[in-house]
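Chemist: For reference, the sequence and a predicted model appear below.
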Amino acid sequence: MDSNVKPARLAPAVLVIIVVLLFSAGLVAAGIPPKTTPPKPVQDFKGNPADYVGMDTCKACHSDMYDSFEKTPHWKTTLDTKKGPEWQGCEACHGPGKKHVDAMSEAGSDAAKIEEGKKLIFGFKGKEAPEISKRCLSCHVYGEEHSNFARQAHNINNVSCIDCHSPHHAKQADFLLVQKQPLLCYSCHSEVKADFNKPFHHRVNEGLIKCTDCHNQHGGFLTKQLRSTAAQDMVCFKCHTDKAGPFVFEHAPVKTEGCVACHTPHASSNPRLLKRSQVNLLCLECHTLTVDSGAPSAPSFHNQSIKYQACTLCHPMIHGSNVNQFFFQ
């Protein structure tokens, strides 16, 4: 009797485990990373608690820096006294200041001693990007936004956090940016700036969308630091929801190559950001008799005269259809 009952009781549990495993495999196949517990901040450059002098001591000499720092989100964050002095005020970023204060007090007007005293505290000016970013990331490690910073293009090309963010003199209150988007991005990516002057473009210059809506400036696993793969195209579908589907009859390139199979993402000289000026030339890159396999070729009665050059006149639902395999409606 017992031998028959136990398997019956175990069956639901086994079924649940199988479902969880299949769901996890599906997430991995779709390129969606599993959720993990965010790492805790680590101050691996902290010093002896007795070596911290507090913000009021810093204010005595650096009143201008103190006044600007007092207006930033960092001010509120570093007021927490529960974590210890290494997490508070100016010294949370610059390190313990006692040796610096003592040296500067003894230096008087001696320029050489003043310069030596400055070296006894961490100054960001002149430091290498990885060293600077390590300081920032000791706090900013939560979630997926910063977790891939070490492998991303900005870090590899010696661009540090303070090249885009200013803890003291930010011109943009949001995220303490040194300049608003897209001007901040254009300061390095000048080749992209020219694209947005084309007649048909995403409205970045107009402020409707930002570069960081599509790209993760802090890094990721995808090319060009995109926020989703081409096949998923969650970046595009976030705005173009009517193209997302799912459709009964799908246009294969949307799933395999993504929107960039037909459209240029930044700007184009052609309407709808198309890669070609004539719609039929774009379609015939796949639908032609010279293609060995894959997309079906254009029928013989499509003689490519002017009246047939806009394929979408007859096939308007080109992104996908729920009623017709030829995208007629």
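Modeler: Okay, I see it.

Chemist: Which helix or strand in the chain has the lowest average pLDDT?
Modeler: Least confident helix or strand of the chain, by mean pLDDT, DSSP states H and E, is helix 2-29 with a mean of 52.

Chemist: what ranges do the strands span in the stretch 101-250 of the chain?
Modeler: Here the stretch 101-250 of the chain has its strands, by DSSP state E, counting those that start in this stretch, at 200-201, 249-250.

Chemist: With mean neighbour count as extra columns, can I get those in CSV?
Modeler: C-beta: built from backbone N, CA, C; applies to glycine. CSV is the format used below for these (neighbours: other Cβ atoms under 10 Å):
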stretch, mean neighbour count
strand 200-201, 16
strand 249-250, 15
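
Chemist: so which of these gets nearest Cys164?
Modeler: Among the strands of the stretch 101-250 of the chain, the nearest to Cys164 by Cβ to Cβ is strand 200-201 (23.2 Å).

Chemist: Show residues contacting the closest one.
Modeler: Here strand 200-201 makes contact (Cβ atoms under 8 Å, 6 or more residues apart in numbering) with Asp195, His266, Ala267, Ser268, Ser269, Asn270, Pro271, Arg272, Leu273.

Chemist: Confidence-wise, which of the strands of the stretch 101-250 of the chain is weakest overall?
Modeler: Note on the strands of the stretch 101-250 of the chain: lowest mean pLDDT is at strand 249-250, with a mean of 90.

Chemist: Quick check: mean pLDDT of the helix or strand following it?
Modeler: Per DSSP states H and E, the first helix or strand lying C-terminal to strand 249-250 is helix 252-256. Helix 252-256 carries an average pLDDT of 83.

Chemist: Could you list the buried residues of helix 252-256?
Modeler: The neighbour-count check on helix 252-256 (16 or more other Cβ atoms under 10 Å) flags Pro253, Val254, Lys255 as buried.

Chemist: So what's the gap between that helix and the chain middle?
Modeler: Using Cα atoms, centre = their mean, to the nearest Å, the distance from the centre of helix 252-256 to the centre of the chain it belongs to is 24 Å.

Chemist: Since that was my last question, I'll sign off now.
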